[in-house]
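In: When you get a sec, could you give me coordinates for this:
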Amino acid sequence: MKITSCLCEGSYDFEIEHKEYRPNNESTFEVLIGSTTLTLTREEWLRISDMVLRSMNFLDQNHHLEA
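Out: Model (predicted):
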């Protein structure tokens, strides 16, 4: 399975591919961003996702602090 999209208004091609999905966090994903390939476990991918969500929530809650 391959998921393809773009980031930063098309500046980076973004591709996620895995050969076989295995439950219980045993899947490995190859993430291609631009010309960089990252090999991540499902758990690592979920941690990145969680970090991005927490960062956005922090910014949303503290936007009033910017001056």
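
In: which non-adjacent residue is nearest residue 31?
Out: residue 38 (4.5 Å; CB to CB, 6 or more residues apart in numbering). C-beta coordinates here come from the backbone N, C-alpha and C atoms, glycine included.

In: so is the one you found in a helix, a strand, or just coil?
Out: At residue 38 the chain is in strand, as set by DSSP: H, G, I helix; E, B strand; the rest coil.

In: if I look at it, how far off is residue 29?
Out: 8 Å (CB to CB, to the nearest Å).

In: go on, residue 60?
Out: Counting by CB to CB - residue 60 and residue 29 are separated by 28 Å.

In: which one of these two has more residues nearby?
Out: residue 29 (18 against 8; other CB atoms under 10 Å).

In: Please settle this for me: is residue 31 part of a strand?
Out: Yes: according to three-state DSSP, the state of residue 31 is that of a strand.

In: so it makes contact with residue 13?
Out: No: using CB atoms under 8 Å as the test, residue 31 is too far from residue 13 to be in contact (11.3 Å).

In: who has more neighbours, the two?
Out: Between residue 31 and residue 13, counted using other CB under 10 Å, residue 31 has the larger neighbour count: 18 against 13.

In: Tell me what that one is bridged to.
Out: residue 16, residue 38 (DSSP bridges).

In: related to what we said a few turns ago, quick one, what contacts the residue nearest to residue 31?
Out: 30, 31, 32 (CB atoms under 8 Å, 6 or more residues apart in numbering).

In: Next one, pLDDT for it please.
Out: Note on residue 38: pLDDT of 84.

In: what about this protein, any weak spots by pLDDT?
Out: For the chain, the stretches flagged by pLDDT under 70 are 1-3, 5-8, 10-12, 19-21, 25, 64-67.
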